[in-house]
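Engineer: Generate coordinates for the sequence data below:
(2 chains)
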Amino acid sequence: MKRTLNIETISKIGEEVLLKGWVHSIRAHGKIIFIDLRDLTGITQIVFTPKMEEEYYNLVKEIKPEYIVEILGEVLERPDNMKNSEIPTGSIEIKAKSLKILSCAKTMPFPIDTNGYDIGEKTRLEYRYVDLRRERLKRNLKKRFETISLMRQILKEKGFIEIETPILTKSTPEGAREFVVPSRNFKGNFYALAQSPQQYKQLLISAGIEKYFQIARCFRDEDPRGDRQPEFTQLDLEMAFPEGKEEIMNLMEDIYIKVIKEIFPEKHITQIPFPKMTYKEAMEKYGGDKPDMRKDKNDPNELAFWFITDFPMFEWKEEYKRWGAVHHPFTLPQEENPENFKEGLENILAHQFDLVLNGFEIAGGSLRTHDIELLKTCFMVMGHDEKELEEKFKHYFDAFSYGIPPHGGIASGLDRFFAVALNEESIREVIAFPKTGDSKDLMMKSPSKITNEQLKELGLKVEENE
RNA sequence: GGACCCGUGGCGAAAUUGGUCAUCGCACCUCCCUGUCACGGAGGGGGCUGCCGGUUCGAGUCCGGUCGGGUCCGCCA
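Structural biologist: Below is the predicted model:
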């Protein structure tokens, strides 16, 4: 017999159904026993009475919360005074005929029929597979999936194609600290995990993939925060021949408006089209480059999307005693004549913009420099010499020398977006298996030591005292 | 690299100024209950207060260290 999902029982009154799922709760009244059966679609009440076959009725008493069971029974409409308006299947119940235990379960390490906020994160992360049984987390993961599906659909309709770029790539100067991966075949050499598909996507543009996107995993070995993880997901896209940066902004705006309308209909956007504000104005008026522009900060359903534009191109990096890029070196400066760079680097703006949502930066985009000389100048300004460029970016300049159209793109951090859209304080609540503030995986217990054999094979120094 | 906060049975919390304070709720176990849906009722098991050391006649309660979590600054092209 084919399995019926809990939510489907409502339309099967009078029919015999086979249900499978988790025992959410048990209410035993001596003779009559109620079990709330949970599956991905919801909860259904099952009723067991002594009238059923003795073999099965005795088995019911063995059942404990979170056991996984299979129940054959008849869908009955409940008498009016016994209906439960709290749950979708509250108007019916299943009169059980038989029962089979598919899996037993130990007592859960913490309650899962709550929202979980009052349980220490340490415990929740250690038993993440149990924590994920929580309704709230399953809802978050579902919404996440629905959103990403919609984004793919929208971009497909607009002529973008999704392309996977390498995760194992090369260490480059500039940018975030990278995770490095030792090479076994070439001892003493290392891959770096991609901190962003930036270079690859620009090379795809040079190849004539005029509209690229990717739901991309990125890796950065920086100290995490509540809204950061060492690995995270971004909607990454790039296009050739954009009609100015406005085309990119409009595209991103269009995507988010559709996402909110379809996946988060309870939300309302403060202002459409998304207002724009220059970096200078944001800094002067709001003291930061990601102002929270909500009208009513107590309204949990308000979403204030704002574009912040005209970021400076360069900033002084005191730590390294040199100039660096505010965004990245590939950003197109608004001053395209390198001669004028001498006037004062701090005054040069870039064709760069961020998308800010309720005080969080959820996307950063720009037009890219496609003039090789200008690009080299930008690198030189930031303290890189010809030799280093030849070493680290040869592929990049070479590709451009074979022809590169004007292009631009944007990357949007999805974890942060989901946290805001789902009213979660931490992005850990919207990621299935997040890491701690120390970049550890408490469930898998990683990072972990590896054996001396492994170290040797990788050409790494063997620990003496192990 | 720096600053701050937290750590009590499985989970969440309580323990006046350090002195029977290891308590409560949930969960768990046993028994009773044919209509509950946070079911109800009776009884029961479980911690020595993250760890180490110090102060004190006496510490969960003070001090130091350590381990484990969290937040923030730096960092995050």
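Engineer: where does the stretch 101-250 of chain A come near RNA strand B, residue by residue?
Structural biologist: A:107-111, A:118-123, A:125, A:172, A:174-177, A:195-196, A:198-199, A:220, A:222-228 (C-beta under 7 Å from any atom of the strand). Glycine gets a C-beta too; all of them are placed from N, C-alpha and C.
Engineer: What subset of the residues you listed is buried?
Structural biologist: A:110, A:119, A:121, A:125, A:172, A:174, A:195-196, A:198-199, A:220, A:224, A:227-228 (16 or more other C-beta atoms under 10 Å).
Engineer: Now tabulate those in TSV and tack on secondary structure.
Structural biologist: Formatted as TSV, these follow (DSSP: H, G, I helix; E, B strand; the rest coil):
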residue	secondary structure
A:Phe110	coil
A:Ile119	coil
A:Glu121	helix
A:Leu125	helix
A:Thr172	coil
A:Glu174	coil
A:Gln195	coil
A:Ser196	coil
A:Gln198	helix
A:Gln199	helix
A:Arg220	coil
A:Pro224	coil
A:Asp227	coil
A:Arg228	coil
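Engineer: among those residues, which one has the lowest pLDDT?
Structural biologist: Ranked by pLDDT, those bottom out at A:Glu174, which scores 75.
Engineer: Please name the nearest non-neighbouring residue to it.
Structural biologist: Of all residues not flanking A:Glu174 in the chain, A:Pro329 sits nearest, at 5.7 Å (C-beta to C-beta, 6 or more residues apart in numbering).
Engineer: Wait, a helix at that neighbour?
Structural biologist: No: looking at A:Pro329 with three-state DSSP, it is coil, so not inside a helix.
Engineer: Just want to check the distance between it and RNA strand B.
Structural biologist: Using C-beta to the nearest atom of the strand, to the nearest Å, A:Pro329 is found at 7 Å from RNA strand B.
Engineer: Could you count how many residues lie near that residue?
Structural biologist: Neighbourhood size, A:Pro329 [other C-beta atoms under 10 Å]: 23.
Engineer: was I right about it contacting A:Cys378?
Structural biologist: Yes: with contacts counted by C-beta atoms under 8 Å, A:Pro329 reaches A:Cys378, the gap being 5.4 Å.
Engineer: how near is the residue nearest the centre of chain A to RNA strand B?
Structural biologist: In chain A, the residue lying closest to the centroid (C-alpha atoms, centre = their mean) is A:Asp415, at 3.3 Å. To RNA strand B, A:Asp415 is 12 Å away according to C-beta to the nearest atom of the strand.
Engineer: Pull up the gap between that residue and A:Lys95, please.
Structural biologist: Using C-beta to C-beta, to the nearest Å, A:Asp415 is found at 45 Å from A:Lys95.
Engineer: so where's chain A uncertain?
Structural biologist: Along chain A, the model assigns pLDDT under 70 to residues A:463-466.
Engineer: which stretches of it form helices?
Structural biologist: A:54-60, A:121-126, A:128-131, A:135-157, A:198-206, A:244-263, A:279-286, A:372-381, A:386-401, A:414-421, A:452-457 (DSSP state H).
Engineer: ranking those by burial, who's on top?
Structural biologist: Highest mean neighbour count of the helices of chain A: helix A:414-421, a mean of 24 (counted as mean count of other C-beta atoms under 10 Å).
Engineer: Which residues outside that helix are in contact with it?
Structural biologist: A:140, A:143-144, A:147-148, A:215, A:227, A:229, A:232-235, A:256, A:260, A:263-264, A:267, A:303, A:357-358, A:360-362, A:424-427, A:429-431 (C-beta atoms under 8 Å, 6 or more residues apart in numbering).
Engineer: Please repeat the previous calculation with a cut-off of 7 Å.
Structural biologist: The contact list for helix A:414-421, computed with C-beta atoms under 7 Å, 6 or more residues apart in numbering, reads A:140, A:144, A:227, A:229, A:232-235, A:264, A:267, A:357-358, A:360, A:362, A:426-427, A:429-431.
Engineer: cool, and stretch A:439-450?
Structural biologist: Stretch A:439-450 has contacts (C-beta under 7 Å, 6+ apart) with A:122, A:125-126, A:128, A:224, A:230, A:433, A:435-436.
Engineer: any bit of that stretch sitting next to RNA strand B?
Structural biologist: Yes: residues of stretch A:439-450 are located near RNA strand B by C-beta under 7 Å from any atom of the strand, namely A:440, A:442.
Engineer: Can you give me the buried ones in that stretch?
Structural biologist: For stretch A:439-450, the neighbour count (16+ other C-beta under 10 Å) marks A:439-443 as buried.
Engineer: between those residues, which is closest to RNA strand B?
Structural biologist: Set against RNA strand B, the nearest of the buried residues of stretch A:439-450 by C-beta to the nearest atom of the strand is A:Lys440 (4.6 Å).
Engineer: Got the phi and psi for that closest one?
Structural biologist: Backbone torsions for A:Lys440, taken as degrees, to the nearest 10, come to phi -100, psi 150.
Engineer: domains of chain A?
Structural biologist: Listed by automatic domain parsing, the domain ranges of chain A are A:6-103, A:126-430.
Engineer: and the end-to-end length of the shortest one?
Structural biologist: To tie it back to what came earlier, the one meant is domain A:6-103. In domain A:6-103, first residue to last residue: 19 Å (C-alpha to C-alpha, to the nearest Å).
Engineer: Equivalent analysis for the longest one, please.
Structural biologist: Distances were taken as C-alpha to C-alpha; on that basis the terminal residues of domain A:126-430 are 16 Å apart.
Engineer: now stretch A:163-183, how far from the centre of its chain.
Structural biologist: Mean-position distance between stretch A:163-183 and its chain equals 19 Å (C-alpha atoms, centre = their mean, to the nearest Å).
Engineer: Just the CA coordinates for the longest strand belonging to chain A, please, in PDB.
Structural biologist: Longest strand of chain A, by residue count under DSSP state E: strand A:16-29. Output of strand A:16-29 as PDB, limited to C-alpha atoms (Å, rounded to 0.1, in the frame of the first residue of the first chain):
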ATOM      1  CA  GLU A  16      -7.800   3.500   4.700                       C
ATOM      2  CA  VAL A  17      -4.300   5.000   4.800                       C
ATOM      3  CA  LEU A  18      -0.800   4.000   5.500                       C
ATOM      4  CA  LEU A  19       1.100   6.700   7.500                       C
ATOM      5  CA  LYS A  20       4.800   6.700   8.300                       C
ATOM      6  CA  GLY A  21       6.600   9.200  10.500                       C
ATOM      7  CA  TRP A  22       8.000  10.200  13.800                       C
ATOM      8  CA  VAL A  23       6.100   9.900  17.100                       C
ATOM      9  CA  HIS A  24       5.900  13.500  18.100                       C
ATOM     10  CA  SER A  25       4.000  13.000  21.400                       C
ATOM     11  CA  ILE A  26       2.000  10.400  23.200                       C
ATOM     12  CA  ARG A  27      -1.000  11.000  25.400                       C
ATOM     13  CA  ALA A  28      -2.000   7.800  27.100                       C
ATOM     14  CA  HIS A  29      -5.300   7.700  29.000                       C
END
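Engineer: Can that strand be said to contact RNA strand B?
Structural biologist: Yes: against RNA strand B, strand A:16-29 shows contacts by C-beta under 7 Å from any atom of the strand at A:25, A:27-29.
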